[in-house]
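>>> sequence isn't available, so here's the structure alone:
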């Protein structure tokens, strides 16, 4: 019998792929009873073998059902579970939210026992074998709560908390616009670059560097999954892509103009590159703060065991909390540069303390 | 006095930024005498402090001068060095080759003691502090040899070999078309995506995942350097970008059509995604990509002052030299994942030692 207080003690996970199995593993780790279901019996058995829960649909109503199936099947499965009262609360995990919410409300009148959710986590690999109990640890997990009754909201929040995720409340329109910007258009851009490589001389590809690998990494993803995602979020994606096309046009014009009017061409290219810098700098760093919020103190460190530890101990004695560390060196190089990121305002104290202890600090 | 046999025993590096300092570090590691020069005295001092060589211009002619200055200054500096007979051979490292070769030939009549080169390695960070001796390890290094005398070709090849690079012979036109495709347009695409993030709601950026980080990584690069590169290769870049725009137009049309004619819209999106798959699959394998194959040991660390120092001290007690540290940020979480990079073969010892000391190590 489901818990009336919004806690989650029993759960049915429908869809034992990467996301569903990872959720099941995390819940099991927290003592929740987990039932597993998938249209593919092999996937269920594998998830069960990994300790994710018991195969089969529960006999009594569970507190929570988690729908983790293909995006295009999500609304249907969720509505089926809600109609059958299999669980006190049903949540989904699909990457596009407006269409699922619309469909649930259209059929059932309101969200009620349903909460739309989207855990922002994934891996290159898919299937239950790639699942990890800590997949959601510290990752944002979007909750679309409008129209859901209070106990269901509480159960959805309990799910996020049990999985170690960070709850982010958003309405479905804001969510879909956000993922168009930070996920779907970047995916298309990677695809557009990769598509240029599909034809043409192989010799050029010999010059491939890490930059191209990074830019195109996500272009290796499953096309069928991505047709589903893009089609479900077509309007917001088209909007961002149309804005991006304006910059493409601007760049082409600037490049064509560089020989005729170098001043204008270069200024226009530079303006675009600087905007790219600003956008990149807005990506969240530690604890969701802007990456630029820290000050970097670069210190020359010998490549010997224990030197880095000694540096951090010395920094600690100066009463400074080091927020991040980057090491710039390669094996065999006698010295390297260690970059200590600290909160603004303490960099002078740290620099002074390290100089007094004999470290070479680059100003 | 320069070696007559095409070997490289002494070298002048002009421009102690990322590339110049990395070359200097690599050559020093192979026993070559290295002189360092830069119009910025601070940059020279920093490179020297990192062990890259001796500041100042050599008194006697050296075997090789490497020009690693801004692309727009490259031809001038190279011509100056060639005219002054400072080195038996002069090479450049600029990322665009046709304009440099044209200018050298125009002023000096032929390439002669000059060889155009382009090491296909870089980082989004710049300056001597970002330099690494192994930056070129296993990376392609283009040699444009047409019109150069044999001893100079030999010295250019010796440079590539001393730095651990993989020589790739190409003419300058093929080179510039290739880098437009595999480097310059991907860089612009990353910039175009990042530029979309420069304005708008910060809330969307909370949902940032690894995909966006990868796609936009190179967009953090120095805009002035990239204006130079793009302007120098304007025509080939504009050509590829114009082809890419056709696919952007196609994608926008398909997205707009998805609600009207789902079949056509989805088929068209799928075709683009599949082409992206094929292009991505053409990238050469890990061959040469991972310059330094470290093994990563992920450790859970509480976000408290001194914890990182304590971890590194414990790693040091295990007798393991930590080659690199990455802190994986978990927004709002009291713990984070610290990735310790170590040489292959010692990861089990480190893991065991840390587990015994009570650290949580992810397998």
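Everything's here; your move. Not measured: the values here are computed from a predicted model.
>>> now residue A:174. Nearest residue, chain neighbours left out?
Once flanking residues are discounted, residue A:174 sits nearest to residue B:203: 6.8 Å by CB to CB, 6 or more residues apart in numbering or on different chains. For the C-beta atoms, the positions are set from N, CA and C on the backbone; glycine is no exception.
>>> how about the secondary structure of the one you found?
What DSSP: H, G, I helix; E, B strand; the rest coil gives for residue B:203 is helix.
>>> for it, list the residues it contacts.
Contact analysis of residue B:203 by CB atoms under 8 Å, 6 or more residues apart in numbering or on different chains lists A:170, A:174, A:178.
>>> can you pull the pLDDT of it?
On the pLDDT scale, residue B:203 is placed at 86.
>>> tell me which helix or strand the residue of chain A found nearest chain B sits in.
Here the residue of chain A nearest chain B is residue A:138; by CB to the nearest CB that distance is 2.5 Å. Residue A:138 is part of no helix or strand, with elements assigned from DSSP states H and E.
>>> that one: how many residues sit nearby?
Using other CB atoms under 10 Å in any protein chain shown, residue A:138 is surrounded by 21 other residues.
>>> and it, what pLDDT?
pLDDT at residue A:138 comes out at 83.
>>> correct me, but it touches residue A:164?
Yes - contact criterion CB atoms under 8 Å: residue A:138 and residue A:164 qualify, at 6.6 Å.
>>> so of the contacts of residue B:203, which ones are in strands?
Among those, no residue falls in strands (DSSP state E).
>>> most neighbours among these, please name it.
Neighbour tally across the contacts of residue B:203 (other CB under 10 Å): the maximum, 26 neighbours, falls on residue A:178.
>>> check contacts around it.
A:170, B:201, B:203-204, B:206-207.
>>> repeat that for 6 Å
The contact partners of residue A:178, taken as CB atoms under 6 Å, 6 or more residues apart in numbering or on different chains, are B:204, B:207.
>>> show me where the stretch 51-200 of chain A has its helices.
Applying DSSP state H, counting those that start in this stretch to the stretch 51-200 of chain A gives helices spanning A:71-83, A:98-108, A:150-162, A:172-179, A:185-196.
>>> please identify the deepest-packed of those.
Neighbour counts (mean count of other CB atoms under 10 Å in any protein chain shown) averaged over each of these peak at helix A:185-196, with a mean of 28.
>>> so what does that one touch, helix or strand wise?
For helix A:185-196, the packing partners by 3 or more CB pairs under 6 Å, 6 or more residues apart in numbering or on different chains; DSSP states H and E come out as helix A:210-216, helix B:185-196, helix B:210-216, helix B:234-257, helix B:262-281.
>>> reformat those helices as CSV; add distance to residue A:241.
What follows is the helices and strands packed on helix A:185-196, written out as CSV (distance: least, CB to CB, whole Å):
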stretch, distance to residue A:241
helix A:210-216, 17
helix B:185-196, 9
helix B:210-216, 14
helix B:234-257, 5
helix B:262-281, 12
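>>> so can I have a markdown table of these showing mean pLDDT and distance to residue B:25?
Listed next are the helices and strands packed on helix A:185-196 as a markdown table, based on pLDDT from 0 to 100; distance: least, CB to CB, whole Å:
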| stretch | mean pLDDT | distance to residue B:25 |
| --- | --- | --- |
| helix A:210-216 | 90 | 19 |
| helix B:185-196 | 97 | 25 |
| helix B:210-216 | 90 | 27 |
| helix B:234-257 | 97 | 31 |
| helix B:262-281 | 95 | 33 |
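>>> and these, which is most packed in?
helix B:185-196 (a mean of 28).
>>> okay, angle between that one and helix B:234-257 too, please.
Here the directions of helix B:185-196 and helix B:234-257 differ by 50 degrees (axes from the mean of the first three to the mean of the last three CA atoms, to 10 degrees).
>>> name the element residue A:297 belongs to?
In this assignment (DSSP H and E), residue A:297 forms part of strand A:295-302.
>>> what ranges do the strands span in the stretch 1-150 of chain A?
A:10-14, A:33-37, A:54-55, A:62-67, A:87-92, A:114-119, A:140-144 (DSSP state E, counting those that start in this stretch).
>>> in TSV, list those along with mean neighbour count and distance to chain B.
Output for the strands of the stretch 1-150 of chain A, formatted as TSV (neighbours: other CB atoms under 10 Å in any protein chain shown; distance: least, CB to the nearest CB, whole Å):
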stretch	mean neighbour count	distance to chain B
strand A:10-14	25	22
strand A:33-37	23	22
strand A:54-55	14	25
strand A:62-67	28	20
strand A:87-92	27	17
strand A:114-119	27	8
strand A:140-144	24	6
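>>> mind giving me the packing neighbours of the helix or strand of chain A with the lowest mean pLDDT?
Across the helices and strands of chain A, the lowest-confidence element by mean pLDDT, DSSP states H and E is strand A:324-328, at a mean of 77. On a contact count with 3+ CB pairs under 6 Å, 6+ apart, strand A:324-328 meets strand A:335-342, strand B:324-328.
>>> that strand pairs with which strands?
Next to strand A:324-328 in the sheet, as set by DSSP bridges, lie strand A:335-342 (antiparallel).
>>> quick revisit: TSV for the helices of the stretch 51-200 of chain A, including distance to residue B:89?
Formatted as TSV, these follow (distance: least, CB to CB, whole Å):
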stretch	distance to residue B:89
helix A:71-83	59
helix A:98-108	63
helix A:150-162	63
helix A:172-179	54
helix A:185-196	36
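>>> who wins for proximity to residue A:49 among those?
Of all the helices of the stretch 51-200 of chain A, the one in closest proximity to residue A:49, counting by CB to CB, is helix A:150-162 (21.9 Å).
>>> which one of the helices of the stretch 51-200 of chain A lies closest to residue A:119?
Smallest distance to residue A:119 across these (CB to CB): 7.8 Å, for helix A:150-162.
>>> now check that closest one, is it near chain B?
No - using CB under 6 Å from any CB of the partner chain, helix A:150-162 never reaches chain B; the gap is at least 11.6 Å.
>>> what lies in contact with that helix?
A:6-8, A:27, A:30, A:63-64, A:89, A:91, A:113, A:115, A:117, A:141, A:143, A:145, A:167.
>>> now the angle from that helix to strand A:62-67?
Using the same axes, to 10 degrees: helix A:150-162 against strand A:62-67 is 70 degrees.
>>> got the contact list for the residue nearest to residue A:175 when sequence neighbours are not counted?
Nearest non-adjacent residue to residue A:175, counting by CB to CB, 6+ apart: residue A:97, 4.8 Å away. Residue A:97 makes contact with A:116, A:144, A:172, A:175-176, according to CB under 6 Å, 6+ apart.
>>> nearest to residue B:44, of those residues?
Relative to residue B:44, the closest of the contacts of residue A:97 is residue A:175; by CB to CB it sits at 51.6 Å.
>>> thought residue A:140 was touching the closest one, still the case?
No - with contact defined as CB atoms under 6 Å, residue A:175 does not count as touching residue A:140 (10.7 Å).
>>> for residue A:126, see how far away residue A:295 is.
40 Å (CB to CB, to the nearest Å).
>>> typo on my end, it should be residue A:113
Counting by CB to CB, the gap from residue A:113 to residue A:126 is 29 Å.
>>> the more surrounded of the two?
residue A:113 (22 against 15).
>>> quick check: which ranges of the stretch 51-200 of chain A have low pLDDT?
A:123-125 (pLDDT under 70).
>>> can you do 50?
The model of the stretch 51-200 of chain A has no residue with pLDDT under 50.
>>> secondary structure class of residue A:316, three-state.
Going by three-state DSSP: residue A:316 is helix.
>>> now swap in the one 4 residues further on and tell me
Each residue gets one of three states, and residue A:320 gets coil by three-state DSSP.
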